[in-house]
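Q: sequence-free structure coming up:
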């Protein structure tokens with residue numbers, strides 16, 4: 001399902017799938033739940049604390065072994081609390097530069 005929000009440049013695709021997030025500063029890998037995805041970023045639910053500005057590598061596995069995982073570099077732009085969990089907004093960034 002596509003969601004149109006006037007503040008965003010791209011439509012977001014609702015998702016409900018497992019993903020991994022690697023903290024680039026510490027090399028720690030966390031299991032997260034991806035809730036939406038667009039060409040410019042994603043939202044995920046995470047139990048471990050993440051902070052705005054933190055650099056991450058998001059890896060989303062494909063249901064098919066023939067398709068490589070989607071791996072994107074990003075940075076945390078928003079963290080909202082939802083009980084014990086956090087809803088984290090990630091903006092994808094280019095590795096170049």
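A: Done, it's in. If you're wondering where the values come from, they're calculated on a predicted model, not measured in any experiment.

Q: now the host helix or strand of residue 74: average pLDDT?
A: Assigned by DSSP states H and E, residue 74 belongs to strand 70-82. Mean per-residue pLDDT for strand 70-82: 94.

Q: for that strand, name the packing helices and strands.
A: With contacts defined as 3 or more Cβ pairs under 8 Å, 6 or more residues apart in numbering; DSSP states H and E, the secondary structure elements packing on strand 70-82 are strand 41-46, strand 55-60, strand 85-92. From N, CA and C alone the C-beta is placed, and that goes for glycine too.

Q: okay, now the unreliable bits of the chain?
A: 1-10, 95-97 (pLDDT under 70).

Q: and for the spatially most central residue of it, nearest residue in space, chain neighbours not counted?
A: Geometric centre of the chain, nearest residue: residue 42, 4.3 Å, by Cα atoms, centre = their mean. Residue nearest to residue 42 in three dimensions, not counting chain neighbours: residue 90, with 5.2 Å by Cβ to Cβ, 6 or more residues apart in numbering.

Q: and the one you found, what does it touch?
A: 41-44, 56, 58, 74-77 (Cβ atoms under 8 Å, 6 or more residues apart in numbering).

Q: need those residues in a markdown table (columns: distance to residue 20).
A: As requested, the contacts of residue 90 are exported to a markdown table (distance: Cβ to Cβ, whole Å):
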| residue | distance to residue 20 |
| --- | --- |
| 41 | 16 |
| 42 | 12 |
| 43 | 15 |
| 44 | 10 |
| 56 | 10 |
| 58 | 8 |
| 74 | 13 |
| 75 | 17 |
| 76 | 15 |
| 77 | 19 |
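
Q: buried ones among these?
A: Buried by 16 or more other Cβ atoms under 10 Å: 41-44, 56, 58, 74-76, out of these.

Q: those into JSON lines, with extra columns for distance to residue 94?
A: As requested, the buried ones among the contacts of residue 90 are exported to JSON lines (distance: Cβ to Cβ, whole Å):
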{"residue": "41", "distance to residue 94": "13"}
{"residue": "42", "distance to residue 94": "16"}
{"residue": "43", "distance to residue 94": "20"}
{"residue": "44", "distance to residue 94": "20"}
{"residue": "56", "distance to residue 94": "14"}
{"residue": "58", "distance to residue 94": "14"}
{"residue": "74", "distance to residue 94": "10"}
{"residue": "75", "distance to residue 94": "11"}
{"residue": "76", "distance to residue 94": "16"}
